[in-house]
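Engineer: Pasted the sequence and its predicted model underneath.
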Amino acid sequence: MRKSLIYFLFIFSIYSCMEPSLPKQHAYPRIDLPKHVYQLWQSDGVPYSFEKPVYSIMQSDTAGSNWYNLTYLPFDATLHLSYKTFKNSLELDTLIHDSRNLVYKHTVKASDIIDGEITDSNGRSGMYFLIDGETATPYNFYLTDNKSKFFRGALYFNSYTTIDSIGPVVDFIKQDIGQMIRSFKFE
């Protein structure tokens, strides 16, 4: 009987120390956001310049002349930047129309699209588009000098994400894009 009691206590102590198997709660990884610090980006032969974040890198895009990708390494995101020239107001209208069409293709998944005008005292104008919902791109914009130059940007994340997991990152990058637009100059 004594052996049985010892055996029972031994087995009981083993099972009593085990934690119950419970499912883990869904969570998102912690994201440490760097401080907003900018440096002037300009390159020989490129007809524009702007301040870019120091924690991003510019890479040439072979899709077009003076096209670049501003890559946010800490967030696995890319701001695709394209540049085109136009000769008349009809070509400018076409570029603007194409930009709007690219944005509004996301209405299938977007819960809301907020747009706003960009203007400054140098005759530069444009629009920005904030796209809410589970879309491929949460932010788009374009700028023009209204004479011959057109610049467009579209933010994409390089892997599948959900808006609630990247919301703080999108808000962070929006501030960077705002600084880019404020400091942007056509050469």
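Structural biologist: On my side now, so go ahead.
Engineer: The residue nearest the centre of the chain and G178: what is the separation?
Structural biologist: Centroid-nearest residue in the chain: L155, 4.0 Å away (criterion: CA atoms, centre = their mean). L155 sits 12 Å away from G178, taking CB to CB, to the nearest Å as the criterion. For the C-beta atoms, the positions are set from N, CA and C on the backbone; glycine is no exception.
Engineer: on that earlier part again, T135 is in contact with the residue nearest to the centre of the chain, correct?
Structural biologist: No - L155 lies out of contact with T135 (CB atoms under 8 Å); the separation is 10.6 Å.
Engineer: What is the neighbour count of S60?
Structural biologist: Number of residues near S60 (other CB atoms under 10 Å) recorded here: 12.
Engineer: Tell me who's in contact with the nearest residue to it once chain neighbours are set aside.
Structural biologist: Spatial nearest neighbour of S60, excluding adjacent residues (CB to CB, 6 or more residues apart in numbering): Y68 at 6.0 Å. Y68 makes contact with 58-61, 81, according to CB atoms under 8 Å, 6 or more residues apart in numbering.
Engineer: Among these, which ones are in helices?
Structural biologist: When the contacts of Y68 are checked against helices (DSSP state H), there are no matches.
Engineer: Please list only the buried members of those.
Structural biologist: By neighbour count, with 16 or more other CB atoms under 10 Å, these hold L81 as buried.
Engineer: Could you check how many residues crowd around Y72?
Structural biologist: 21.
Engineer: Over to Y104?
Structural biologist: 14.
Engineer: For it, grab phi and psi.
Structural biologist: phi -80, psi 0 (degrees, to the nearest 10).
Engineer: right, and it touches I113 too?
Structural biologist: Yes - the pair Y104 / I113 is scored as a contact, 6.9 Å apart, by CB under 8 Å.
Engineer: Just confirm P138 contacts Y128, I think it does.
Structural biologist: No - when contacts are counted by CB under 8 Å, P138 is not listed as touching Y128 (11.3 Å).
Engineer: Of these two, which one has the most company?
Structural biologist: Using other CB under 10 Å as the criterion, P138 and Y128 rank with P138 on top: 27 against 20.
Engineer: Can you give me the buried ones in the longest helix seen in the chain?
Structural biologist: The single longest helix within the chain, with elements called by DSSP H, is helix 163-183. Neighbour-count burial for helix 163-183, with 16+ other CB under 10 Å as criterion, is recorded at 166, 169-170, 172-173, 176-177, 179-181.
Engineer: Repeat that for stretch 148-161.
Structural biologist: 149-155, 157, 161.
Engineer: can you check stretch 41-51 too?
Structural biologist: Under 16+ other CB under 10 Å, the buried positions of stretch 41-51 are 41, 47-48, 50-51.
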